[in-house]
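[1] Below is the sequence, then the predicted model.
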Amino acid sequence: MRQKQEKLETKMKWMLLSTMIPMAILIIVLLLFFWHYTNEYNQLSNNLAVSAEYNANYKNSNNDMSFKDEVDMDIYYVTIGRKGKDGLPTEQVKRAIDTVEKLKKTTKKEESLRSLKYLTNYLKNLQKRMNQLLDIKDYQQRQEFMANNTEILTTLFEKEMQNYIYQEATQLVQVELQLAGNVWLTLLTMCAVIFVTTCILLRRSFRLTYSITKPISEILYNIKKVGKGEYKTINTVPADYVEIQELDAGTRKMAGRIEGLLENVRKEQDAQHLTELQLLQAQVNPHFLYNTLDTIVWLVEGGMQQDAVDMITSLSVFFRTSLSKGNDIIPLSEEERHTLSYLEIQQSRYRDIMEFEINIPPELDGVMIPKLTLQPLAENALYHGIKNKRGKGKILIEGFDLDEDNMMLRVTDNGQGMTPERLHEVQEAIRTGERAGFGLAAVSERIKLYYGPGYGLKISSTEGEGTVMEVYMAKQINLNK
């Protein structure tokens, strides 16, 4: 089943979010954790600071006395009559009760809350005993009441406050230890989480990078193939992301268009080239026509009417085959008849120096070949071989059935032949397609255009012995050219 494609931007965002969100959650949890312990630590510190004002070591800023000492002294002054009713430490006790009530709101430890409850009872009893003290008139009874009630209550208050401070201090120490331990645990956890997250992020980054660079490298390799002209070897690049898939599809589409454009250009060039060859093919050497007509006139004037008729007949066949009703592809039998008429006309002029022979198997007569394949070779054998030789020469035209698909036409002359330098020049002209007028290179190039690589003209020659020209072609011509 094909994997669902996704956008590269979406993949990168998901990778970052899937990594950063857990880290952000962890950081928030740790911040809440520290906030909880810090808040608890601050509450305990505040409780200790507030409660410390009421222990035995507290010194009033005005008289350097503790809460117990100050309350006991005020009550004593009232007992001995030095102060009146307004001298009782009512406000101090009321403030202490309010302070204890506030401490209850910020205290969480059970033992500490119990101490605060005792402190509230002591202070309320102290208020009640101070009011009762005013009702006692006897001095000695007042002294005894103070010693047995108010002083005992302030002593109990002070001790219970010390117990509260102890409980809170113990709790504070525990919180500090927990906080210190949790700080180390948190640091280790954070380090571990950061390490694991970094490893996961690196692994995902490497995979993401590889999933991007690998297909891009393959696309680059395909582009290099396009640059070398290898359009058909480009394969589809598998990719996980839409952007890379679109890039690959665009590259392959571009390669296909380039290949199509180049193929169209090649076909246009081939068609143009073939047209040029056909135009060259349609040209008739005017000297051949003039000389033939002059020969006919000479035969008529010499009373050789039959020879003149034969030459006119051969000339008619020659031109009729050249026209071929406008067809460029004709049966081999017609090309043979065309070449025969040409050689018969030339033999009338060069009967003393030329003879010829044509041996083509009948089974090849119906094979379709490009027009003017043999005649230019026979013309070349006559003008560049036989005419330059002393004495009489011969042109031999043969056909060979090589195999089921291929055949070969050979034109041999025993004329002057070519020097190695001239032979190399002609062979290079055939190989490169360079030509001046309609000649051997044009014949070879035309064969290649119709039949493709591997077919064409091969020539060999030995100076003083003659020349052999072989045309290799398939039995089935490509008429799409």
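    Received the coordinates, thanks.
[2] from here on, contacts and neighbour counts on C-alpha atoms
    Will do.
[3] now the strand or helix carrying residue 178: mean pLDDT?
    Residue 178 belongs to helix 151-228 when assigned by DSSP states H and E. Helix 151-228 comes out with an average pLDDT of 79.
[4] For it, name the packing helices and strands.
    Judged by 3 or more C-alpha pairs under 8 Å, 6 or more residues apart in numbering; DSSP states H and E, the packing partners of helix 151-228 are helix 8-51, helix 67-79, helix 110-135, helix 242-282.
[5] again, only using 7 Å
    The helices and strands touching helix 151-228, judged by 3 or more C-alpha pairs under 7 Å, 6 or more residues apart in numbering; DSSP states H and E, are helix 8-51, helix 67-79, helix 110-135.
[6] which stretch among these comes nearest residue 390?
    helix 8-51 (84.7 Å; C-alpha to C-alpha).
[7] outside of stretch 470-479, which residues touch it?
    Under the criterion C-alpha atoms under 7 Å, 6 or more residues apart in numbering, residues 367-369, 405-411, 450-451, 455-459 lie in contact with stretch 470-479.
[8] Check the offset of it from the chain's centre.
    Relative to its chain's centre, stretch 470-479 lies at 47 Å (C-alpha atoms, centre = their mean, to the nearest Å).
[9] Count residues in the vicinity of residue 198, would you?
    By other C-alpha atoms under 10 Å, 13 other residues sit near residue 198.
[10] Buried residues, stretch 455-472. List them.
    By neighbour count on 16 or more other C-alpha atoms under 10 Å, the buried set for stretch 455-472 is 455-462, 466-472.
[11] Look at residue 394 and tell me its secondary structure.
    At residue 394 the chain is in strand, as set by DSSP: H, G, I helix; E, B strand; the rest coil.
[12] what's near enough to touch it?
    For residue 394, the contact set (C-alpha under 7 Å, 6+ apart) comprises 354-356, 413-414.
[13] which one of those sits closest to residue 26?
    Of all those, residue 413 has the smallest distance to residue 26: 99.4 Å, by C-alpha to C-alpha.
[14] rewinding a little: specify the angle between the helix holding residue 178 and helix 110-135 in degrees.
    Going by axes from the mean of the first three to the mean of the last three C-alpha atoms, to 10 degrees, helix 151-228 is angled at 150 degrees with respect to helix 110-135.
[15] the inter-axis angle of helix 151-228 versus helix 8-51?
    Using the same axes, to 10 degrees: helix 151-228 against helix 8-51 is 170 degrees.
[16] Helix 67-79 and helix 151-228, what's the angle between them?
    Counting by the same axes, to 10 degrees, helix 151-228 points 150 degrees away from the direction of helix 67-79.
[17] how much distance is there from helix 151-228 to the middle of the chain?
    Remark: helix 151-228 is offset 37 Å from the chain centroid, using C-alpha atoms, centre = their mean.
[18] Check this protein and tell me which residue is nearest its centre.
    In the chain, the centroid-proximal residue (C-alpha atoms, centre = their mean) is residue 216; its distance is 3.0 Å.
[19] Excluding chain neighbours, what is closest to it?
    The spatial neighbour of residue 216 that comes closest, neighbours along the chain excluded (C-alpha to C-alpha, 6 or more residues apart in numbering), is residue 244 at 7.3 Å.
[20] So what's the residue count around residue 391?
    With other C-alpha under 10 Å as criterion, residue 391 counts 11.
[21] ignore the last one, residue 211
    The number of residues packed near residue 211 is 16, by other C-alpha under 10 Å.
[22] ok, now residue 219?
    23.
[23] What residues does it make contact with?
    237, 248.
[24] got it, and the one 3 residues further on?
    Residue 222 sits next to residue 234 when contact means C-alpha under 7 Å, 6+ apart.
[25] mind redoing it with 10 Å?
    Going by C-alpha atoms under 10 Å, 6 or more residues apart in numbering, residue 222 touches 216, 228, 230-231, 233-237, 248, 251-252, 255.
[26] between these, which has the most around it?
    Counting neighbours by other C-alpha under 10 Å, residue 248 leads the contacts of residue 222 with 24 neighbours.
[27] didn't that one look like it was pressed against residue 216?
    Yes. Residue 248 lies in contact with residue 216 (C-alpha atoms under 10 Å); the separation is 8.4 Å.
[28] thinking again about what came up before, export the helices and strands packed on helix 151-228 to CSV and append columns for mean pLDDT and mean neighbour count.
    Output for the helices and strands packed on helix 151-228, formatted as CSV (pLDDT from 0 to 100; neighbours: other C-alpha atoms under 10 Å):
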stretch, mean pLDDT, mean neighbour count
helix 8-51, 75, 15
helix 67-79, 85, 20
helix 110-135, 88, 17
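[29] So what's the residue count around residue 66?
    Count around residue 66 with other C-alpha under 10 Å applied: 19.
[30] Please report the distance of it from residue 158.
    Using C-alpha to C-alpha, to the nearest Å, one obtains 10 Å as the distance from residue 66 to residue 158.
[31] I'd guessed the residue nearest to the centre of the chain sits against residue 236; true?
    No. Taking contacts as C-alpha under 10 Å, residue 216 lies outside contact range of residue 236: 11.8 Å.
[32] list residues touching both of the two?
    222, 245, 248.
[33] Output the residues you listed as CSV; include the columns distance to residue 194.
    Shown next, in CSV, are the shared contacts of residue 216 and residue 236 (distance: C-alpha to C-alpha, whole Å):
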residue, distance to residue 194
222, 41
245, 35
248, 38
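[34] of all these, which comes closest to residue 173?
    Taking C-alpha to C-alpha as the measure, residue 245 is the one of the shared contacts of residue 216 and residue 236 closest to residue 173, at 64.2 Å.
[35] Alright, that wraps it up for me.
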